[in-house]
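Participant: Below: sequence and its predicted model.
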Amino acid sequence: MVRIFKRTQWLRFLSILISIPCVIGVSTVSAYAESPPAPLLQKGASPVDWWFVFKFNTKFFPGCVANAKRACIFGGKIQDYPKNFGLQSISASSANPTLHNDNGCLGESTADPIGATFDEIYNGTYSYVIWNDQFYDDPDLPACKGKTFCDVPWGHSKGVLAWNDQGEGLVMQVSTPNWPGSGSASFPRSNGNTLGCLTDNTGKPQNNVWVSQHFFALKLNKSDVMAVLRALQQASVVTQAGAGLGSKSQIIRNGGPDDIQKLVSELGKVSDDTSVLNVTLSSGVRIISKPPNLQVPPWQMVSAVLGGVPLTVATWLTGSHKIDDTKSVRPECWDPTLGTPGAVTNADTGTWTKKVFGLTGGPSPDRNHAKIGVSTPAKYAIFGDLNQEGTLSKPCTVSQNTRGGMFFAVENETLSASLGKMMDVDEALKLAFVSAARFSSVQSLTQTSAKADTQLVKHTTRPAAQRHKTQQAKQRHKVRR
């Protein structure tokens with residue numbers, strides 16, 4: 001009996017040894033399949049913690065980099081935009097935080113950060129959420145009430161969040177209307193889904209690469225993914241509502257951990273919160289989320305959350321509701337829990353390779369739709385959803401005061417200094433404080449009469465145009481020299 005028992009044990013031991021390689025093999029394959037999506041600079045490269053891309057406008061950086069071949073790798077057809085297009089860009093990353101030139105046509109190959117990173121999602125099996133207040137009816141969401149865009153009080157926000165079965169992933173903030181509009185090749189999009197290859201809901205070319213745009217991607221652990229989902233809820237972003245556990249569509253594939261799926265299912269609603277969400281993620285990057293009912297000027301809010309640091313910002317600054325440069329004073333439209341904001345100055349122009357280009361909004365190929373900012377002195381680089389538009393005085397229910405949106409604040413002195421140099425920060429600060437015609441105090445901005453509004457438009461738009469002409473004249477003078 002003893003011998004039989006020992007032999008049985010030995011045979012059992014051998015069977016266990018034989019099965020080990022199979023277990024290891026399955027485990028290895030599973031671990032590889034579950035690797036999270038991460039910010040990439042190009043396909044096949046090592047992931048980075050974050051990257052930032054600034055796409056130039058069409059006037060000074062038209063088309064693509066020389067000899068680059070156009071392609072619609074995520075769907076759509078190459079568009080011959082009547083007003084031309086611009087897909088030239090610069091970028092920085094956690095691996096190299098100094099801005100530098102990119103190659104090719106932005107987002108049309110996997111050799112650039114946008115193409116490589118979005119390819120992981122679109123041609124992968126990850127869970128994702130896509131949000132955009134300007135989907136152009138693809139998809140057609142009830143929140144937009146028959147319009148091609150969703151207005152107040154919905155979030156003025158655009159981007160994509162993706163994660164694996166363990167809940168680890170990335171977020172990509174974008175400023176582009178109509179892109180992205182599908183997170184999977186299983187759901188091809190009628191409007192197209194590649195930069196430079198988009199149409200509107202009627203099939204006509206939709207040129208979201210005419211003016212400048214920005215893109216920011218950030219690596220996330222599971223806790224970060226959950227924090228971003230709460231920020232999306234707070235900002236009241238436009239996406240599919242009621243996406244239950246395991247649901248799949250072109251803008252939501254709800255999978256992964258149950259607690260993440262639950263947060264996803266609660267998206268697509270307008271938040272009734274009135275407080276700012278401010279969370280430091282595992283990377284050290286801060287995410288700041290403004291709900292629609294916190295009716296304060298957006299970039300003053302960001303300054304206050306960051307401790308009252310002075311900011312210089314470049315956004316779609318245009319129209320009667322733009323907010324001109326302000327000093328470090330609490331506006332009338334304010335929440336006392338925010339503290340006192342620092343001075344907020346608008347950058348009117350930027351410079352790259354000796355070309356001076358516009359950084360404000362408007363119907364021109366020399367305009368800007370990115371929402372970017374830097375602190376003075378150089379410390380933070382900030383990438384946002386909201387423009388410097390709204391009001392500092394009552395009634396506060398004006399423009400971007402009433403919209404939700406998110407901001408990512410990267411504490412990196414090199415990035416901040418490099419971006420600030422591109423934004424001509426020194427020139428912006430100089431003119432803000434010496435040009436009485438351009439600078440408007442909080443008191444003058446808080447007037448609400450039609451006469452005051454007329455004066456505000458006159459006093460803030462004319463000097464900006466004058467500054468742009470002055471810098472272009474300086475540029476021509478340098479060239480002659």
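Facilitator: Thanks, I have the structure now.

Participant: So what touches stretch 242-249?
Facilitator: Stretch 242-249 is contacted from outside by 139, 184, 186-187, 240, 252-255, 258, 261-262, 264-265, 267-268, using Cβ atoms under 8 Å, 6 or more residues apart in numbering. C-betas here are computed from N, CA, C, even on glycine.

Participant: Just the C-alphas of it, formatted as CSV.
Facilitator: Below are the C-alpha coordinates for stretch 242-249, written out as CSV (Å, rounded to 0.1, in the frame of the first residue of the first chain):
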residue,chain,number,x,y,z
GLY,A,242,-27.5,55.6,-19.8
ALA,A,243,-24.8,53.3,-21.3
GLY,A,244,-25.3,50.3,-19.1
LEU,A,245,-22.8,47.7,-18.1
GLY,A,246,-21.2,46.0,-21.1
SER,A,247,-22.9,48.3,-23.7
LYS,A,248,-21.2,49.1,-27.0
SER,A,249,-21.6,51.9,-29.4
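
Participant: Check which residues of that stretch are buried.
Facilitator: 243, 249 (16 or more other Cβ atoms under 10 Å).

Participant: Could you pull up the mean pLDDT of it?
Facilitator: Stretch 242-249 shows a mean pLDDT of 95.

Participant: Over to stretch 393-411?
Facilitator: Here the average pLDDT along stretch 393-411 is 98.

Participant: Would you mind putting the CA coordinates of it into CSV?
Facilitator: This file holds the C-alpha atoms of stretch 393-411, laid out as CSV (Å, rounded to 0.1, in the frame of the first residue of the first chain):
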residue,chain,number,x,y,z
SER,A,393,-20.1,91.0,-13.4
LYS,A,394,-23.8,90.2,-12.8
PRO,A,395,-25.8,88.8,-14.5
CYS,A,396,-23.3,85.9,-14.5
THR,A,397,-25.3,83.6,-16.8
VAL,A,398,-23.2,84.6,-19.9
SER,A,399,-21.2,82.5,-22.4
GLN,A,400,-18.6,80.1,-20.9
ASN,A,401,-19.5,81.1,-17.3
THR,A,402,-22.5,78.8,-17.8
ARG,A,403,-20.7,75.8,-19.5
GLY,A,404,-18.9,72.9,-17.9
GLY,A,405,-15.3,72.0,-18.8
MET,A,406,-12.0,70.5,-17.7
PHE,A,407,-8.4,71.7,-17.4
PHE,A,408,-5.2,69.7,-17.0
ALA,A,409,-2.4,71.5,-15.2
VAL,A,410,1.1,70.0,-15.8
GLU,A,411,3.7,71.2,-13.3
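
Participant: mind listing what the spatially most central residue of the chain touches?
Facilitator: The residue lying closest to the centre of the chain (Cα atoms, centre = their mean) is residue 173, at 2.7 Å. When the contact criterion is Cβ under 8 Å, 6+ apart, the partners of residue 173 are 158, 159, 215, 216, 217, 383, 385, 406, 408.

Participant: Looking at those, which two lie furthest apart in space?
Facilitator: 217 and 385 (14.9 Å; Cβ to Cβ).

Participant: Which one's more surrounded, the two?
Facilitator: residue 217 (31 against 28; other Cβ atoms under 10 Å).

Participant: Direction included, what does the strand or helix carrying that one pair up with?
Facilitator: Element membership for residue 217, per DSSP states H and E: strand 213-220. Partner strands and pairing direction for strand 213-220 (DSSP bridges) are strand 50-55 (antiparallel), strand 169-174 (antiparallel).

Participant: Looking at those strands, spot the one closest to residue 234.
Facilitator: Short answer: strand 169-174, nearest of the strands paired with strand 213-220 by Cβ to Cβ, at 14.3 Å.

Participant: Most neighbours among the contacts of residue 173, which one is it?
Facilitator: In the contacts of residue 173, the most neighbours by other Cβ under 10 Å go to residue 217, 31 neighbours.

Participant: these two touch, right, that residue and residue 171?
Facilitator: Yes. Shown here, residue 217 and residue 171 form a contact pair, counting by Cβ atoms under 8 Å, at 7.0 Å.

Participant: ranges for the strands of the stretch 151-300 of the chain?
Facilitator: Counting by DSSP state E, counting those that start in this stretch, the stretch 151-300 of the chain has strands at residues 158-163, 169-174, 213-220, 252-253, 277-280, 286-290.
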